[in-house]
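# how would this look folded up:
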Amino acid sequence: MFINANHRTSSNLFLISASLLLLSSRAMTQGSMQNATSDLTSTTWQLVEFRGGDDKTLARDDRSKYTVAFASDGSLTSRLDCNRGRGTWKSVGASQLDLGPLALTRAMCPAGALSDRIARDWMAVRSYVVRDGHLFLSLMADGGTYEFEPIPQFGSSGDSTVATRGPFNFECPKPDGTLGTFIATYYQTEPGLLLLEHANQTRPAFQVRSGSGAKYEGQGVLFWEAHGEATVTWSGVAQTCKLKK
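Numbers count the residues shown, from 1 in each chain. The predicted structure is shown next:
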């Protein structure tokens, strides 16, 4: 079959141009997503109140029972009263927020808990704004707004209610003789919350029952520590680490 050389050259130039345009478009999209999510990435919040479209408010005295933590890899963990959940999040534009389905445990919480309402409203969240240090999540069709505050660090202000320990550095020997590092900060909520930093990512994990030591599980992370030694599983890779003194 005879193919005209000029036609083949034109086709190749077209494919190259299209590929460059696609790569440029992806780079712009990734840059936009990074900018849009910078103020939520690696943040952890606890509920202040829900204000409905009719201006009625719902709140609970123990704010630490309703939390959400946004990880840098697009995953999130939450606590809704006596239940814990895992899900995903993304923001592709200024103030836009898309929450994926929330996988929740199914314990029977006490009467009057807000967990059922929040679970129903979860995927109806359409936008967010951080104002005066508080996070506001707005529902579609003027359905209302959830207000959250940062989980405070112990001693940061007179009315702080959540104590923290850390950060602590854990060093993990690698086969090539170098050391990997994990930075752990413990929040004394119920259940306990751990923020674990590694390779420029922060992942949240909640404390679970264990036969010994302290064990925390989250999406893509498991941290089990006892007497200054920790087993860390990060993205499916298990490591043995020791507390740096």
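# Grab the most central residue of the chain for me.
residue 70 (2.2 Å; Cα atoms, centre = their mean).
# who's it bridged to?
residue 43, residue 76 (DSSP bridges).
# what does residue 90 give?
residue 98.
# in what helix or strand does the nearest residue to residue 100 once chain neighbours are set aside lie?
With Cβ to Cβ, 6 or more residues apart in numbering as the criterion, residue 100 has its nearest non-adjacent residue at 3.7 Å, and that residue is residue 88. In this view, the C-beta of every residue, glycine as well, is placed from N, C-alpha and C. Per DSSP states H and E, residue 88 falls inside strand 83-90.
# What is that strand packed up against?
Judged by 3 or more Cβ pairs under 8 Å, 6 or more residues apart in numbering; DSSP states H and E, strand 83-90 is in contact with strand 75-80, strand 98-99, strand 103-104.
# Mind doing that once more with 6 Å?
strand 75-80, strand 103-104 (3 or more Cβ pairs under 6 Å, 6 or more residues apart in numbering; DSSP states H and E).
# Ok, which of these comes nearest residue 238?
strand 75-80 (19.0 Å; Cβ to Cβ).
# Format the CA atom coordinates belonging to that closest one as PDB.
Extracted C-alpha coordinates of strand 75-80, given in PDB (Å, rounded to 0.1, in the frame of the first residue of the first chain):
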ATOM      1  CA  SER A  75      -9.000  10.500  51.100                       C
ATOM      2  CA  LEU A  76     -10.800  11.500  54.300                       C
ATOM      3  CA  THR A  77     -11.800  10.100  57.600                       C
ATOM      4  CA  SER A  78     -14.700  11.100  59.800                       C
ATOM      5  CA  ARG A  79     -16.300  10.500  63.100                       C
ATOM      6  CA  LEU A  80     -20.100  10.800  63.400                       C
END
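# quick check, distance from that strand to the centre of its chain.
7 Å (Cα atoms, centre = their mean, to the nearest Å).
# Need the contact partners of it.
With contacts defined as Cβ atoms under 6 Å, 6 or more residues apart in numbering, strand 75-80 is touched by 67-70, 85-89, 115, 118, 204, 218-219.
# If we use 7 Å, what do you get?
Strand 75-80 is contacted from outside by 65-70, 85-89, 102, 104, 115, 118-119, 204, 206, 218-220, using Cβ atoms under 7 Å, 6 or more residues apart in numbering.
# Which residues are in contact with residue 53?
142, 143, 144.
# Generate a ChimeraX selection restricted to the buried entries among those residues.
To isolate the buried ones among the contacts of residue 53 in ChimeraX, judged by 16 or more other Cβ atoms under 10 Å, type:
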select :144
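# Tell me the one of the contacts of residue 53 nearest residue 98?
Closest to residue 98, out of all of those and judged by Cβ to Cβ, is residue 143, at 15.8 Å.
# shouldn't that closest one be in contact with residue 124?
Yes - with contact defined as Cβ atoms under 7 Å, residue 143 reaches residue 124; the gap is 6.0 Å.
# related to what we said a few turns ago, pick the most buried one from the helices and strands packed on strand 83-90.
strand 75-80 (a mean of 23; mean count of other Cβ atoms under 10 Å).
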